[in-house]
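1. Whatever this is, show me its structure:
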Amino acid sequence: METAGFVVIQLLNGVQYGLLLFLLSTGLTLIFGVMGIINLAHGSFFMLGAYAAFALAPVELGFAATLLLSLLAVVGIGVVTEWLALRPLYGRDHLDQVLLTFGLILMFNESVRLIFGSDIQSLAMPAFLEGNLPLFGGHRYPTYRLFITGFGLVVGAGLWLLIYRTRLGMIIRAGASRRETVSALGINIRLVFTAVFGLGAGLAAASGIVAAPILSLYPGMGEEIVILTFVVVVVGGLGSLQGALLASLLIGMGDTFGKALLPELSSVMVYLLMVLVLIFRPRGLFSRGG
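-> Numbering: from 1, shown residues only. This next block holds a predicted model:
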C-alpha cells in the first residue's frame, strides 16, 4: 500500500508539473510557429506573472481578481514588448532575435530586482485552497496542487477551442504557414503577430501566477523552467498542441519520478529523452510536416 500511495502521489505531481510546462510551452511554440521568433525571454513572463500576483496580494482583491489583473498586466507588457522591441526584427536572422530576447531577460530581471529587491519572496496560497484531500491508504494530497492540475486542463481545453474552433484560431494557424496568403486576404498580419505574442505572454504569466504559492520568487526564476520548456517544444514538435501536451506530461513525469527515485540522474533523463527524439523524430513527435 505504501508503494501504491507513493506512485499515485508522484503521478499526481507529475501531471501537475507537466500541465504547468504545457501552458508555458504552448505559448512558446505558438510564438515561434506563427511569428518565427525565438523568444528566450519567455520565462521572464512566467516570472512577471508571479511577481504581479505578489504585488497585488496586499490589496486583498481576492484570488480570482488577483489572477485576472496580474494576467492582464503581463499581457499588456507582452504586447508593448512585441510592438517596441520585436516588430523591427521580423524577417531578420534568428541570431538577432536571440540576442535581443537575451537582452530582454536581463532587462526584466533587473527591473524586478530594482522594484522588489533580490531577497527570495513567497506568496501565500488562497485560504479556500489550503489543506489536503484524502487519498486511499491514509495518504493525503495538497488541495492547491489539484487546483493547478484542474486549471491547466481548463486553460488547455479553452486554448484548443480557440485555435481549432474559432475564426481567430483559423487565422493564427494560417499565419503560421501562409503569411502572404493571409495578408493578401486583407488581414493585418502584424496585428495577428501582436495577438499571438500577447497570448503567449499570457499563458506564461498564468502558469507563473498559479505556481507562485508553491515556488520561491526571485529575479531570474523563469530561466530554469524555460529551459525545460524548450525541451518540451523540441520533443513535442513546433506548432503542435498535441505534441506540447504529450511532451509536457512525459517530461513532467520523468522529472518528478527521476527526482524521487534517482535524484542524481533526474536532469540527465529529461535531456536523454530529447536526444532520443532528435535522433528518431528530428521534427518532434507531432510537428507539422513531421
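2. Y90 versus the closest residue to R87 other than its chain neighbours, what's the distance?
-> In this structure, R87 finds its nearest non-sequential neighbour in R190, 7.0 Å apart by C-beta to C-beta, 6 or more residues apart in numbering. For every residue, glycine as well, the C-beta is placed using N, CA and C. Using C-beta to C-beta, to the nearest Å, we find R190 at a distance of 8 Å from Y90.
3. show me where the protein has strands.
-> 132-134, 140-142 (DSSP state E).
4. Check which helices and strands the first one is in contact with.
-> What it means is strand 132-134. Counting by 3 or more C-beta pairs under 8 Å, 6 or more residues apart in numbering; DSSP states H and E, the packing neighbours recorded for strand 132-134 are strand 140-142, helix 143-165.
5. Now mean neighbour count too, for the strands of the chain, in CSV please.
-> Listed next are those as CSV, based on neighbours: other C-beta atoms under 10 Å:
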stretch, mean neighbour count
strand 132-134, 11
strand 140-142, 16
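6. Would you mind putting those into TSV with mean pLDDT and distance to H42 alongside?
-> Output for the strands of the chain, formatted as TSV (pLDDT from 0 to 100; distance: least, C-beta to C-beta, whole Å):
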stretch	mean pLDDT	distance to H42
strand 132-134	87	33
strand 140-142	89	27
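7. Take those strands and write them to JSON lines, including distance to G150.
-> Below are the strands of the chain laid out as JSON lines (distance: least, C-beta to C-beta, whole Å):
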{"stretch": "strand 132-134", "distance to G150": "12"}
{"stretch": "strand 140-142", "distance to G150": "13"}
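8. closest to L185 out of those?
-> Shortest distance between L185 and those, using C-beta to C-beta, is found for strand 140-142: 49.1 Å.
9. Counting by contacts, list what the closest one packs against.
-> Checked by 3+ C-beta pairs under 8 Å, 6+ apart, strand 140-142 has strand 132-134 packed alongside it.
10. contacting residues around the strand it packs on?
-> Strand 132-134 has contacts (C-beta atoms under 8 Å, 6 or more residues apart in numbering) with R140, Y141, P142, T143, L146.
11. Tell me which of the helices and strands packed on strand 132-134 approaches Q97 most closely.
-> helix 143-165 (23.3 Å).
12. Tell me which of the strands of the chain sits nearest to G103.
-> Of the strands of the chain, nearest to G103 by C-beta to C-beta is strand 140-142, at 38.0 Å.
13. Tell me how far the closest one lies from the chain's centre.
-> Strand 140-142 sits 24 Å away from the centroid of its parent chain (C-alpha atoms, centre = their mean, to the nearest Å).
14. Direction included, what does it pair up with?
-> Using DSSP bridges, the strands paired with strand 140-142 are strand 132-134 (antiparallel).
15. Would you state the predicted confidence (pLDDT) at G78?
-> According to the prediction, G78 has pLDDT 96.
16. That one: what's it in contact with?
-> By C-beta under 8 Å, 6+ apart, the neighbours of G78 are F45, F197, G198, G200, A201, G202, A205.
17. mind checking how far the first one is from V270?
-> Distance of F45 to V270, computed by C-beta to C-beta: 22 Å.
18. Settle it for me: which of those two has more neighbours?
-> Between F45 and V270, counted using other C-beta atoms under 10 Å, F45 has the larger neighbour count: 32 against 20.
19. picking that back up, nearest to L30, out of the strands of the chain?
-> The nearest among the strands of the chain, by C-beta to C-beta, is strand 140-142 at 30.4 Å.
20. Run through who's touching the closest one.
-> I9, L12, G131, N132, L133, P134, L135.
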